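J.: model this:
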Amino acid sequence: QMHTIPQIEMEKRVVGYSEVVNIDVIPMPSSIDYYGIIEITYFAMCGVITISAVVSSERKNRIIRRMQVAGVSNLKLYLAKLIPCSLGLFIELVGAMVLSHIIVGNRFGNYPETIGILLLLTVASSAYGILALHIVKNIAVSIIIVFASVWFMGFFGGAFQNYMMNFLPERLVKLSPLYYVNRTLVEFRTMGQSRYAFTAVAILIGMIIIC
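T.: Next comes the predicted model:
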């Protein structure tokens, strides 16, 4: 800083000149944080397990027929499955977050919005699983269908390979709902915000309404 401009120019010509440039790039998460986040969201989509035993018991004991005789509407019957399944799955997710932080040290970011998206994810997952259980009457086949479809969502959405290094075409990757959830939560961890958050929320709400 004490050199004059001519002295600096002369040093550039005579000695050479190195310049430090800061480049804006997307921060890369550690593997512990990355997979600690997206594996939790991946298994959240398999939340049908939480309610499958209840549905199996209902069919075995013909509970639905008894409830219909009592005049309970189909909406109430549906919500009686959706709400407890979502709450149970959400408690499981929070427990998994705490345990994974204690055991391996992974961390989430922007916790209020992260919790909100995870809550939506549990409702969407529950709705998706309940739909599968009612489309196919066989519980085992329903679970297999859910697991297979979630595997493809995870494969394209970066659950097994870092989406930043994915070899698949981006237009194919973006067909997976998990891609938007994964990317949003990872960017919350690395940058504190994500431009994918609105899309992730819209897709989860769409899944809840459609299912």
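
J.: give me the three-state assignment for residue 22.
T.: At residue 22, secondary structure determined by DSSP: H, G, I helix; E, B strand; the rest coil is coil.

J.: ramachandran coordinates for it?
T.: phi -90, psi 120 (degrees, to the nearest 10).

J.: residue 72 now?
T.: Residue torsions, per degrees, to the nearest 10, at residue 72 are phi -80, psi 130.

J.: what's the neighbour count on it?
T.: Per other Cβ atoms under 10 Å, the neighbour tally for residue 72 reads 13. For every residue, glycine as well, the C-beta is placed using N, CA and C.

J.: ok, the closest residue to residue 135 other than its chain neighbours to residue 41 distance?
T.: Among residues not flanking residue 135 along the chain, residue 142 sits closest, at 7.4 Å (Cβ to Cβ, 6 or more residues apart in numbering). Counting by Cβ to Cβ, to the nearest Å, the gap between residue 142 and residue 41 amounts to 21 Å.

J.: residue 138 too?
T.: In this view, residue 138 and residue 41 are 27 Å apart by Cβ to Cβ.

J.: the helix or strand residue 125 falls within packs against which elements?
T.: Remark: residue 125 resides in helix 111-135, with elements defined by DSSP states H and E. Applying 3 or more Cβ pairs under 8 Å, 6 or more residues apart in numbering; DSSP states H and E, we find helix 111-135 packed against helix 31-44, helix 48-61, helix 74-103, helix 139-157, helix 177-191, helix 197-210.

J.: what's the closest of those to residue 122?
T.: Among the helices and strands packed on helix 111-135, the nearest to residue 122 by Cβ to Cβ is helix 74-103 (4.3 Å).

J.: and stretch 111-118, which residues are buried?
T.: 113-114, 117-118 (16 or more other Cβ atoms under 10 Å).

J.: brilliant, that's me finished.
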